[in-house]
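Asks: Need coordinates for the following:
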Amino acid sequence: AAAQNSLLEGCPIFIDRLRNSPELAKRIKEMMQNWGKEE
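Replies: Numbering: from 1, shown residues only. Next up is the predicted model:
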């Protein structure tokens, strides 16, 4: 989780795109959840 937070903090442009694209944010959220299950 800490690695994910630092990754997001280093990508303001990426965060900006997520805010402007709910569909993309939804897909990323699902990917993150699936990724967490695999570990």
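Asks: Contacts only, for the residue nearest to the spatial centre of the chain.
Replies: Residue closest to the mean C-alpha point of the chain, counted by Cα atoms, centre = their mean, is I28 at 5.1 Å. For I28, the contacting residues are L18, by Cβ atoms under 8 Å, 6 or more residues apart in numbering. C-beta here means a position set from N, CA and C on the backbone, and glycine is covered the same way.
Asks: try it again with 6 Å
Replies: I28 makes contact with no residue under the criterion Cβ atoms under 6 Å, 6 or more residues apart in numbering.
Asks: give me the element it is part of.
Replies: helix 22-38 (DSSP states H and E).
Asks: what about that helix, average pLDDT?
Replies: Helix 22-38 carries an average pLDDT of 87.
Asks: how far is that helix from where the chain is centred?
Replies: 7 Å (Cα atoms, centre = their mean, to the nearest Å).
Asks: can you check stretch 14-23 too?
Replies: So, by Cα atoms, centre = their mean, the centroid of stretch 14-23 is 10 Å from its chain's centroid.
Asks: Please shift the residue numbers so they start at 36 in all later answers.
Replies: Noted, 36 is the first residue going forward, which turns the last one into stretch 49-58.
Asks: Can you point out the buried residues in it?
Replies: L53 (16 or more other Cβ atoms under 10 Å).
Asks: contact partners of it?
Replies: A60.
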